[in-house]
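> How does the following fold in three dimensions:
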Amino acid sequence: MKQKRSKTPLQSILGMAPWNVWKGYGSFLFFDFGRKRRIDKDTVAGQFVLEISMAHWVIQQGRKEVAHSESPDNKIIRSAKQFEGKRLLEITLRKHHCPKRTLYSARFTFEDHWHLDVYMYETGKHDDMFAVLSASTLTTYDYTGELNTRRRPKQSSRRTVDPRRVNVR
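This next block holds a predicted model:
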């Protein structure tokens, strides 16, 4: 009998719509998907959280750029909220061959022709462009183009707590 493999957090968010999208520290973006789960007495997060972190990113509606990682905070906040309630239709991982190196990026395609393009910084340092977190696992896409899924240590929390988080009463 074949053992059924469980979905990775990245596979799990396909077809879901984020119910909360927010700007964290700097240009970090967070997308809450799935059931709400309590983080502490005042804060909830999605069953799955997409975290865009150490990367340039661009939000587009159709072919029009709406915001990018260097936009003013109010523009980023307003633009990010446009993803709420729109199903994630596709995730495309891309490889770009440049004269002296290879660069990686990802495209998240949502309903109504909304896109989030994520590009690695050109610093050469190794980091993750994005992560999808669940209570027990973490899937990352890094600067080497590797997609890695591993168990999350119980004491670890990559989540940046923001006072503007949704509160459950």
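> going forward, measure contacts between C-alpha atoms and count neighbours the same way
Will do.
> In the chain, where is pLDDT below threshold?
Applying pLDDT under 70 to the chain flags the ranges 1-6, 123-124, 154-169.
> Recalculate using a threshold of 50.
Within the chain, the ranges that satisfy pLDDT under 50 run 155-169.
> Count the residues that sit near T102.
12 (other Cα atoms under 10 Å).
> Tell me how many other residues crowd the closest residue to W114 other than its chain neighbours.
Closest residue in space to W114, ignoring its immediate chain neighbours: Q61 at 4.5 Å, by Cα to Cα, 6 or more residues apart in numbering. By other Cα under 10 Å, the residues close to Q61 number 18.
> what's the spacing between stretch 47-61 and its chain's center?
4 Å (Cα atoms, centre = their mean, to the nearest Å).
> Identify the residues contacting that stretch?
9, 12-13, 27-37, 65-69, 79-80, 112-121, 127-135 (Cα atoms under 8 Å, 6 or more residues apart in numbering).
> mind listing which of the residues you listed are in helices?
Counting by DSSP state H, the contacts of stretch 47-61 place 9, 12-13, 79-80 in helices.
> can you count the residues close to Y121?
Neighbours of Y121 (other Cα under 10 Å): 18.
> Please list all residues in contact with it.
Neighbours of Y121 in contact, by Cα under 8 Å, 6+ apart: 54-56.
> what do you get if the cut-off is 7 Å, keeping everything else the same?
Residues near Y121 by Cα atoms under 7 Å, 6 or more residues apart in numbering: 55-56.
> where's it relative to G26, distance?
Distance, Y121 to G26, using Cα to Cα, to the nearest Å: 14 Å.
> bridging residues for the nearest residue to L93 once chain neighbours are set aside?
Leaving aside its sequence neighbours, L93 sits nearest to A106 (Cα to Cα, 6+ apart; 4.4 Å). Going by DSSP bridges, A106 is paired in beta bridges with L93, V118.
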